[in-house]
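Enquirer: quick one, fold the following:
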Amino acid sequence: MKIDNTNLILDINYKDFILALKSKIYSAKSKAILSVNRQMIELYFDIGKEIVAKQEALGWGKSIVESMSHDLINEFGEKSGYSSSNLWRMRNFYLSYKDNEKLAQAVREISWGQNILIFEKLKDDTEKEYYIKNTIENSWNRNVLMHHIKTNLFIRDKGENKSNNFKIALPSHLSELAQDIIKSEYNLEFLEIAKDAHEREVENQLIENIKKFLLELGYGFSFIGNQYKLTLDKNDYYIDLLFFHRKLNALVAIELKIGKFKPEYAGKMNFYLNLLNDKMKMSHESPSIGIILCTYKDGLEVEYALQNIVQPMGISTYTTNSSMPKDLEGLLPREDELSNIIRLHKEEK
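Expert: Numbering: from 1, shown residues only. Down below sits the predicted model:
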């Protein structure tokens, strides 16, 4: 039987429910200020649970949320956070984590705005856990979290196609950490560069956008310099970008390459890392690490290139605004193919 929602306000169950809910809200507001966020998230989770329970037990329809919102706003004010849309979020928040106690506890450590981003934009629990954990550990604000979700950091960070020799070139405790700090692909779409840009132009753009680049690299990176000079005998050598990583306690050299990875890049990076370890690394620091960034790579070629490399390094790809979207790759002709098509068309005329 369909319930007349106009009469719900007079229903004793609803009145008792609202009274209990108001009491719970007042109780939560009186907690110590240092635990305000945790208490608020627990409260929102509990409100969501109450809404679901009442709807299931008493058959209350959608309009009950409007009635709740009206009464709670009258009691606590327009800016109290009890709009109908926010109450629906609380309901969905509860439904998102009610069967996962581990995540239900973890979400209490991040803000409501961060929680909304995670449970509204992500469906997979493993992915949710990744962003919750990193938000807590790395103190991401809402904008940083939004950026990482938008650029699919989870896929790029946890992807199985990472190319490196960390397991054989580093002690186990360092190899696992190094594996975590490198991505299979870096999103450099904040760069405004032409498709045929030179490597130095990409480097200059990264320096101009160093804050965004550090955000993309991840927590722990500190920028030292670009075109960093190393001297051996009478010869000077220049590393494109040099960083220090706090967790690894190691120098990290980054070389930028336009186009496909070439095996000789690994040999050059190995040479640079030997110089860094000999000329710059302090006695208490871990071995220096190299990252080669290129537009694309052949996995098998990279595997062979790294086989006899002594120094730890990884090879990753990067994307920019000028890069072809992955879902269009292979569907459109390459430049050389397009030139041949045009030439043949002219000959036929």
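Enquirer: okay, Glu347: pLDDT?
Expert: With respect to pLDDT, Glu347 has a value of 54.
Enquirer: let me fix that: Thr151
Expert: 89.
Enquirer: name the single longest helix found in this structure.
Expert: Longest helix in the chain by number of residues, with DSSP state H as the criterion: helix 36-58.
Enquirer: most centrally placed residue in the protein?
Expert: His148 (3.0 Å; Cα atoms, centre = their mean).
Enquirer: you'd agree that one is up against Trp140?
Expert: Yes: between His148 and Trp140 there is a contact under Cβ atoms under 8 Å: 7.1 Å. In this view, the C-beta of every residue, glycine as well, is placed from N, C-alpha and C.
Enquirer: quick check: chain neighbours aside, which residue is closest to Leu103?
Expert: Leaving aside its sequence neighbours, Leu103 sits nearest to Tyr97 (Cβ to Cβ, 6 or more residues apart in numbering; 5.0 Å).
Enquirer: for the one you found, give its distance to Tyr272.
Expert: The gap separating Tyr97 from Tyr272 is 47 Å, by Cβ to Cβ, to the nearest Å.
Enquirer: so between those two, which is more surrounded?
Expert: With neighbours defined as other Cβ atoms under 10 Å, Tyr97 and Tyr272 compare such that Tyr272 has more, 23 against 20.
Enquirer: pretty sure that one sits in a strand.
Expert: No: under DSSP: H, G, I helix; E, B strand; the rest coil, Tyr272 falls outside any strand and is assigned helix.
Enquirer: that one reaches Leu241, doesn't it?
Expert: No: Tyr272 is beyond contact range of Leu241, at 11.4 Å (criterion: Cβ under 8 Å).
Enquirer: which other helices and strands does the longest helix of the chain contact?
Expert: Here helix 36-58 touches helix 12-29, helix 63-76, helix 84-97, helix 112-121, going by 3 or more Cβ pairs under 8 Å, 6 or more residues apart in numbering; DSSP states H and E.
Enquirer: apply 10 Å and report the result again.
Expert: Helix 36-58 sits against helix 12-29, helix 63-76, helix 84-97, helix 101-106, helix 112-121, with contacts defined as 3 or more Cβ pairs under 10 Å, 6 or more residues apart in numbering; DSSP states H and E.
Enquirer: just the buried residues of the third one, please?
Expert: Within helix 84-97, the residues that count as buried by 16 or more other Cβ atoms under 10 Å are Ser84, Asn86, Leu87, Arg89, Met90, Arg91, Phe93, Tyr94, Ser96, Tyr97.
Enquirer: likewise for the longest one?
Expert: Residues of helix 12-29 classed as buried under the neighbour-count rule (16+ other Cβ under 10 Å) are Tyr14, Phe17, Ile18, Leu21, Ile25, Ala28.
Enquirer: before we move on, the earlier item: turn the buried residues of helix 84-97 into JSON lines, including distance to Asp71 and pLDDT.
Expert: Shown next, in JSON lines, are the buried residues of helix 84-97 (distance: Cβ to Cβ, whole Å; pLDDT from 0 to 100):
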{"residue": "Ser84", "distance to Asp71": "11", "pLDDT": "92"}
{"residue": "Asn86", "distance to Asp71": "14", "pLDDT": "95"}
{"residue": "Leu87", "distance to Asp71": "11", "pLDDT": "94"}
{"residue": "Arg89", "distance to Asp71": "18", "pLDDT": "96"}
{"residue": "Met90", "distance to Asp71": "15", "pLDDT": "96"}
{"residue": "Arg91", "distance to Asp71": "16", "pLDDT": "94"}
{"residue": "Phe93", "distance to Asp71": "20", "pLDDT": "97"}
{"residue": "Tyr94", "distance to Asp71": "20", "pLDDT": "96"}
{"residue": "Ser96", "distance to Asp71": "25", "pLDDT": "96"}
{"residue": "Tyr97", "distance to Asp71": "26", "pLDDT": "96"}
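Enquirer: grab the nearest non-local neighbour of His279.
Expert: Heads up, residue 279 is Lys, not His. Among residues not flanking Lys279 along the chain, Leu230 sits closest, at 5.9 Å (Cβ to Cβ, 6+ apart).
Enquirer: the one you found is in contact with Ile239, isn't it?
Expert: Yes: counting by Cβ atoms under 10 Å, Leu230 does reach Ile239; the two are 6.8 Å apart.
Enquirer: name the residues contacting each of those two.
Expert: Ala253, Tyr272, Leu275, Leu276 (Cβ atoms under 10 Å, 6 or more residues apart in numbering).
Enquirer: just the buried ones from the residues you listed?
Expert: Of the shared contacts of Leu230 and Ile239, these count as buried by 16+ other Cβ under 10 Å: Ala253, Tyr272, Leu275, Leu276.
Enquirer: can you report how many residues lie near Ile51?
Expert: Neighbour count for Ile51, taken as other Cβ under 10 Å: 23.
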